[in-house]
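Participant: return a 3D structure for these sequence lines:
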Amino acid sequence: MSIVITGATGQLGRHVIEALLERNVPAREIVAAGRSVEKLADLAGRGVQVRAMDYADASSVAGALKGARKVLLISGSEVGRRVEQHRTVIEAAKAQGVELLAYTSIANADSTGMKLAAEHQATEAILKESGVPFVLLRNGWYLENYTDQLPGTVAQGALAGSAGDGKVSGAARADYAHAAAAVLVAEGHAGNVYELGGDEAFSMADLAAEFSAATGKTITYNDLPAQEYTGLLTGVGVPETFAEILADSDLGIARGDLLVSSGDLRRLIGRPATSLAEAVRAAAAAV
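Facilitator: Modelled structure (predicted):
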């Protein structure tokens, strides 16, 4: 019997596997499932089971989940195709009779109006109807969504967006991974909904100030109408559909859709979440 991590070739999946190993889960009881298994060779070398799995291929999903006791369904990356892909994993988990399926949803999924949330909301509905014991990990924004932009932002001297004065409860990807690992190794989580986010929310102006402090450069935040921000994104090569989703997500931040005050993340990982300042300083040091 094993713990299966889907989407294991992605950054979150890898962090979860590392977190499980840190919690002394035997490597042989962990299954890293993903499309590009060659990217998982190092984990295989450490004793982790590696299985090929494509969300769009039901037979590969069934094979990857064979013998699974618990499954972490990391939401797919193909926006517009994710509901059916997730359904495939949920049905395979049901066929295996898993004890628990944990799903990485989005913060405040039951109340947000963000376009990006629609597939998460549909997946949560499928889970509730499936009969599979499940737990919802409603992850907020990754701090890396912002810190990965640091070099370009410094070069431009400004951040742009449509979030207004809204605040977001961001946390590091590794923090969310440790929360998932905590749920997977313990009992009693089935039926729970965890709203996960950082301990201190921040605005885009706060983010610009942290960028400035960490780099010694003056970084400002330019708030734009959503249509103008979409145009700016497409102008630098972002596909139009994705640019619209990004701008819509900023409008969600302005409404407070990504504010999380539950404290669930801190409790699950047993320590304070990584702060924005810590993440920005680390990103600046790595440049």
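Participant: from here on, just use CA atoms for contacts and neighbour counts.
Facilitator: Fine.
Participant: for this structure, what helix or strand is lowest in average pLDDT?
Facilitator: Least confident helix or strand, the chain: helix 150-156 with a mean of 93, by mean pLDDT, DSSP states H and E.
Participant: ok, and for the following helix or strand past that one, which residues are buried?
Facilitator: Next helix or strand after helix 150-156 toward the C-terminus (DSSP states H and E): strand 158-161. Along strand 158-161, these residues count as buried under the neighbour rule (16 or more other Cα atoms under 10 Å): Ala158, Leu159, Ala160, Gly161.
Participant: stretch 129-138 now?
Facilitator: Val132, Pro133, Phe134, Val135, Leu136, Leu137, Arg138.
Participant: need the contact list for the fifth one.
Facilitator: Meaning Leu136. Counting by Cα atoms under 8 Å, 6 or more residues apart in numbering, Leu136 touches Ala102, Tyr103, Thr104, Ser105, Glu124, Gly191, Asn192, Val193, Tyr194.
Participant: helix, strand, or coil at the fifth one?
Facilitator: Glu124 falls in the helix class when you classify it by DSSP: H, G, I helix; E, B strand; the rest coil.
Participant: now the first one
Facilitator: Assigned by three-state DSSP, the conformation of Ala102 is strand.
Participant: tell me who's in contact with it.
Facilitator: Lys70, Val71, Leu72, Leu73, Phe134, Val135, Leu136, Leu137, Ala180, Val183, Leu184.
Participant: the residues you listed in helices, which ones?
Facilitator: Ala180, Val183, Leu184 (DSSP state H).
Participant: among those, which one has the most neighbours?
Facilitator: Ala180 (29 neighbours; other Cα atoms under 10 Å).
Participant: hang on, the earlier thing: what about burial for the contacts of Leu136, which qualify?
Facilitator: Among the contacts of Leu136, those classed as buried by 16+ other Cα under 10 Å are Ala102, Tyr103, Thr104, Ser105, Glu124, Val193, Tyr194.
Participant: can you pull the buried residues of the host helix or strand of Lys128?
Facilitator: Element membership of Lys128, judged by DSSP H and E, is helix 118-130. Residues of helix 118-130 classed as buried: Ala118, Glu119, His120, Gln121, Ala122, Thr123, Glu124, Ile126, Leu127 (neighbour count, 16+ other Cα under 10 Å).
Participant: is it true that the second one touches Val83?
Facilitator: Translated: Glu119. Yes - between Glu119 and Val83 there is a contact at 5.7 Å, judged by Cα atoms under 8 Å.
Participant: which parts of this structure are helices?
Facilitator: In the chain, helices defined by DSSP H lie at 11-22, 41-45, 58-64, 82-96, 118-130, 144-147, 150-156, 173-185, 204-215, 226-235, 240-255, 264-269, 276-286, listed in chain order.
Participant: from the contact counts, what lies against the shortest one?
Facilitator: Packing partners of helix 144-147 (3 or more Cα pairs under 8 Å, 6 or more residues apart in numbering; DSSP states H and E): helix 276-286.
Participant: now the helix it packs on against helix 204-215, angle please.
Facilitator: 40 degrees (axes from the mean of the first three to the mean of the last three Cα atoms, to 10 degrees).
Participant: how far off centre is helix 276-286?
Facilitator: Helix 276-286 sits 19 Å away from the centroid of its parent chain (Cα atoms, centre = their mean, to the nearest Å).
Participant: do stretch 108-128 as well
Facilitator: Taking mean C-alpha positions (Cα atoms, centre = their mean), stretch 108-128 and its chain are 14 Å apart.
Participant: same question for stretch 79-94.
Facilitator: 17 Å.
Participant: please shift the residue numbers so they start at 37 in all later answers.
Facilitator: Yep, numbering from 37; the last one is stretch 115-130 now.
Participant: which of the contacts of Ala138 sit farthest apart?
Facilitator: Largest separation among the contacts of Ala138 by Cα to Cα: Lys106 and Leu173, giving 14.3 Å.
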